[in-house]
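> sequence first, predicted coordinates after that:
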Amino acid sequence: MKKLFFSLLAVVLLIEEFLWDALTFLGHRLIVLLRLERYERWLRQTSPAVALTAFLIPLLIVAPLNFVAFWLVAKGRVMQGIVTEIFAKLLGTLLVARVFALTKPQLMTFGWIRALYTTITHWLAWAHERIRQTAVYRLAQQVKLKIKTFRWWWRRK
């Protein structure tokens, strides 16, 4: 049972890693496309209070989408609710991850954020260590490496 649990966690972790990489890339491309580099430079140099506000804004943008998803499910529109929730999670991850990456030094000046970040990072490291030992994770890493190698080879042509 423990092996099955960690294998399922490995699958979730792999999906999360893929989405994080893809959303980070997409976030960077959107910044370039929308010509927001100047805003990013400003955000990197802002005060801790402004950084905290900037970090909370994406959460306030996404929260209503979560309520809409819940409302849709409650009204029997389960698939629409699920799609809305998935969209909200992807958008939230994209925005929150980007703003956090830009404002991390300022946010770490708040003791409660630093403590929360340290705790979560510790738990994630523990979970990743357990999950990396599963056969599912090792197999997926091999597949991921083959895909990257193939993409590199294909681009050279």
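Noted; the coordinates are in hand.

> mind listing what's buried in the longest helix along the chain?
The longest helix of the chain (DSSP state H) is helix 2-33. The neighbour-count criterion (16 or more other Cβ atoms under 10 Å) identifies 6, 9-10, 13-14, 19, 23, 27 as the buried residues of helix 2-33. Heads up, the C-betas are built off the backbone N, CA and C, glycines and all.

> can you check stretch 93-106 too?
Of all the residues in stretch 93-106, those buried under the rule 16+ other Cβ under 10 Å are 93-100, 102-103, 106.

> which single one of the residues you listed is nearest to residue 44?
Using Cβ to Cβ, residue 102 is the member of these that sits closest to residue 44, with 5.3 Å.

> same for the helix or strand that contains that closest one, what does it pack against?
In this structure, residue 102 sits in helix 78-107 according to DSSP states H and E. Judged by 3 or more Cβ pairs under 8 Å, 6 or more residues apart in numbering; DSSP states H and E, the packing partners of helix 78-107 are helix 2-33, helix 37-44, helix 48-74.
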